[in-house]
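1. Pasting the sequence and the predicted coordinates here, then a few questions.
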Amino acid sequence: MPASAPSTPDPRVIDADPSTERRTFLQVARQPRMIGLLLVFVLAALVCGRLGAWQLDRAYERAELAAQQEAAEAAAAGPSALGDVLAPQESFPGELVGREVRVTGEFEPAGSLVVPGRALEGRTGYLVLTPFRVSDDGTGGASWADLSGAPVLAVVQGWVATPADAEALTLPTGEVTLTGWLQVGESTSGSAAVVDGQTEQIALSALVNEWGGPIYTGYLVATQGPGSPEDGGVAALPRPTIDGGSGANLQNIFYALQWWVFGGFAVLLWVRLVRDEMAGGRRGGEPTDAGTGIAGLPSA
């Protein structure tokens, strides 16, 4: 029988060599060098995260300081004419809370109400709320020229212990000039209805149905109401909290986001290094050094 020809090795078949097999992500990541790099990158990410949080705190601190400075300047400037800062039916800006203003007009005692459940110096009592028909807001009537008539401003005269104390008050008659602090109207709900001369909320959108309009979207806390507690009058309320507007410094927020992105990049960079190491394990078919896990090192 003729001798069989020697078989030709198939070039497509490559002998399996453990040193050239592709390793898994976990196998590469568990190398001491990669674990060390992971610790470094995690530490860098934590530092970036902390710096981002610090920048975020700074953003709110700077906004608060700016608001306090603005409020202090407004308080030191003395009362402004009401019409210079707020017009009837105009949306109430938050930075006007606590702004001192002056306005001229007449009280309408028939519309007086009490607001129950309000505390002052640890005692619970009532606020005395009276409509004030404005005749001069410092604009000569220009602020309501396009409205149906002179506007109504809700005025909190002060605090009393009982509704009877409110009924006993004697309000000034005729045209008077008031000085007080602005406060934003309270939210409207079912408890804002007027029942037996009382309303649980100073909701201007509900009070306009009782007093008529146009009406201001904020109310005035009088610096001094009629009489004094010793004489059966009202107790003056403290100045409302001055709020220069909520928010944060945008520049610091941007810096915070940058630090957090850098922290994320640190972790992603480690993942990329591990993947590159996985790909390098078979670079050019060269074996991977067992000690370092790096492909292509010369043999000893």
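-> Received, thanks.
2. Give me the residue ranges of this structure where confidence is low.
-> Along the chain, segments meeting pLDDT under 70 span 1-22, 67, 70-71, 74-75, 188-192, 227-232, 242-248, 281-300.
3. what are the ranges of the strands in it?
-> 80-81, 100-107, 113-120, 123-136, 152-160, 176-184, 218-222 (DSSP state E).
4. Go through the ones you listed and name the closest to residue 198.
-> strand 113-120 (5.4 Å; CB to CB). Heads up, the C-betas are built off the backbone N, CA and C, glycines and all.
5. domains of this protein?
-> With domains defined by automatic domain parsing, the chain comprises 23-78+246-283, 100-231.
6. so which of these is the most packed in?
-> domain 100-231 (a mean of 17; mean count of other CB atoms under 10 Å).
7. what about that one, distance to the chain center?
-> Here the centre of domain 100-231 is set off from its chain's centre by 29 Å, with CA atoms, centre = their mean, to the nearest Å.
8. Likewise for stretch 268-285?
-> Centre to centre, stretch against its chain (CA atoms, centre = their mean), the figure for stretch 268-285 is 45 Å.
9. and what of stretch 28-41?
-> Distance, centroid of stretch 28-41 to centroid of chain: 41 Å (CA atoms, centre = their mean).
10. quick one on the thing from earlier: will you turn the domains of the chain into JSON lines that also has distance to residue 87?
-> Formatted as JSON lines, the domains of the chain follow (distance: least, CB to CB, whole Å):
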{"stretch": "domain 23-78+246-283", "distance to residue 87": "18"}
{"stretch": "domain 100-231", "distance to residue 87": "4"}
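11. what about the longest helix in the chain?
-> The longest helix of the chain (DSSP state H) is helix 32-76.
12. Which strands or helices does that helix pack on?
-> helix 25-29, helix 250-280 (3 or more CB pairs under 8 Å, 6 or more residues apart in numbering; DSSP states H and E).
13. so what does the first one touch, helix or strand wise?
-> Looking back up the chat, that one is helix 25-29. By 3+ CB pairs under 8 Å, 6+ apart, helix 25-29 packs against helix 32-76, helix 250-280.
14. and the shortest one, what other elements does it pack with?
-> Okay, so that is helix 250-280. Secondary elements touching helix 250-280 (3+ CB pairs under 8 Å, 6+ apart): helix 25-29, helix 32-76.
15. Check the offset of the shortest one from the chain's centre.
-> Okay, so that is helix 25-29. 45 Å.
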